[in-house]
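A.B. asks: structure for the following, please:
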Amino acid sequence: MDLTNPESLEQTAHAITSVAQAVPGLKDAVYETISLVWTDPVKRRRRAKNLEAELRMAEEMIKGQKRLDDISATLAKEVLEPAMEEDREEFQEIWAALLARILVGKEKIISRKIIEIIKECDSHTAIILSSLPEVLEDTRQNMIIEEIVEVIVNKKEDIVDIDDVSIALRWLEEKGCLKELGRSPVSYTTTALGRKLLQAVTFPEDKKETE
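C.D. replies: Sure thing, here's the model as predicted:
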């Protein structure tokens, strides 16, 4: 496929966005993203595969919910550009959650700062970040590190260990998402930014939320 040809670009954009029953703003955003950077055929195939996987995940997340008739192409592009580079499942799930929010009108908490934090995460931090909402359900707002480790490592023991958790929590604290409450025992609480970040990366299946 010749990606210098506008017709080919249009076909590629339509094929990808049809996975999510393309609304106009999303289709425009994908088209613009493709036309700006998709010149190398190898990169194009990889990026197309990544976006297709993420949009399928988003479609699954919003199943049964009313989607918008149109969305902001500007915001969609901010999410699509880093999302198309990501082939790791732990990150694809996060970008899919953001895309799902945009598609159903729950996008108000998606700020540029949140997008930048996600882009800077390493793989272990992404896994741990996605697990923190479950930790908060079990421990409420005061998260003791031993409890955090127990919840996350028990479920992801083949992927992360106690050191990965400790490093990720410290990094999230440096980014202003967590605040250390004490060292005996070590415990954390989420900041306002942290709460928004956790909301953004965890798409609510059927419960209402305040944004």
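
A.B. asks: and stretch 104-117, end to end?
C.D. replies: 23 Å (Cα to Cα, to the nearest Å).

A.B. asks: that one: how far from the chain's middle?
C.D. replies: 9 Å (Cα atoms, centre = their mean, to the nearest Å).

A.B. asks: and stretch 156-165, by the same measure?
C.D. replies: So, by Cα atoms, centre = their mean, the centroid of stretch 156-165 is 20 Å from its chain's centroid.

A.B. asks: where along this structure do the strands fall?
C.D. replies: 143-144, 178-183, 186-190 (DSSP state E).

A.B. asks: helices along this protein, start to end?
C.D. replies: With helices called from DSSP state H, the chain shows them at 6-17, 24-37, 41-61, 73-83, 89-104, 112-120, 123-139, 145-156, 162-174, 192-201.

A.B. asks: pipe these into a markdown table and attach distance to residue 186 and mean neighbour count per row.
C.D. replies: Any C-beta I mention is one placed from the backbone N, CA and C, and that applies to glycine too. Output for those, formatted as a markdown table (distance: least, Cβ to Cβ, whole Å; neighbours: other Cβ atoms under 10 Å):
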| stretch | distance to residue 186 | mean neighbour count |
| --- | --- | --- |
| helix 6-17 | 44 | 17 |
| helix 24-37 | 42 | 20 |
| helix 41-61 | 33 | 18 |
| helix 73-83 | 32 | 20 |
| helix 89-104 | 25 | 24 |
| helix 112-120 | 22 | 16 |
| helix 123-139 | 13 | 19 |
| helix 145-156 | 4 | 17 |
| helix 162-174 | 8 | 17 |
| helix 192-201 | 16 | 20 |
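
A.B. asks: out of those, nearest to residue 67?
C.D. replies: helix 89-104 (4.9 Å; Cβ to Cβ).

A.B. asks: what about stretch 171-186, start to end distance?
C.D. replies: Calculated as Cα to Cα, the first-to-last residue distance of stretch 171-186 is 15 Å.

A.B. asks: buried ones in it, by neighbour count?
C.D. replies: By neighbour count, with 16 or more other Cβ atoms under 10 Å as the criterion, the buried positions of stretch 171-186 are 171-172, 175, 177-178.

A.B. asks: wait, which of the helices of the chain is closest to residue 182?
C.D. replies: Short answer: helix 145-156, nearest of the helices of the chain by Cβ to Cβ, at 10.5 Å.

A.B. asks: quick one: low-confidence parts of this structure?
C.D. replies: Filtered on pLDDT under 70, the chain yields the residue ranges 1-24, 27, 31, 33-41, 137-142, 157, 204-211.

A.B. asks: beta partners for residue 143?
C.D. replies: residue 188 (DSSP bridges).

A.B. asks: ok, it to residue 130 distance?
C.D. replies: Distance of residue 143 to residue 130, given as Cβ to Cβ, to the nearest Å: 15 Å.

A.B. asks: please apply the same query to residue 181.
C.D. replies: 22 Å.
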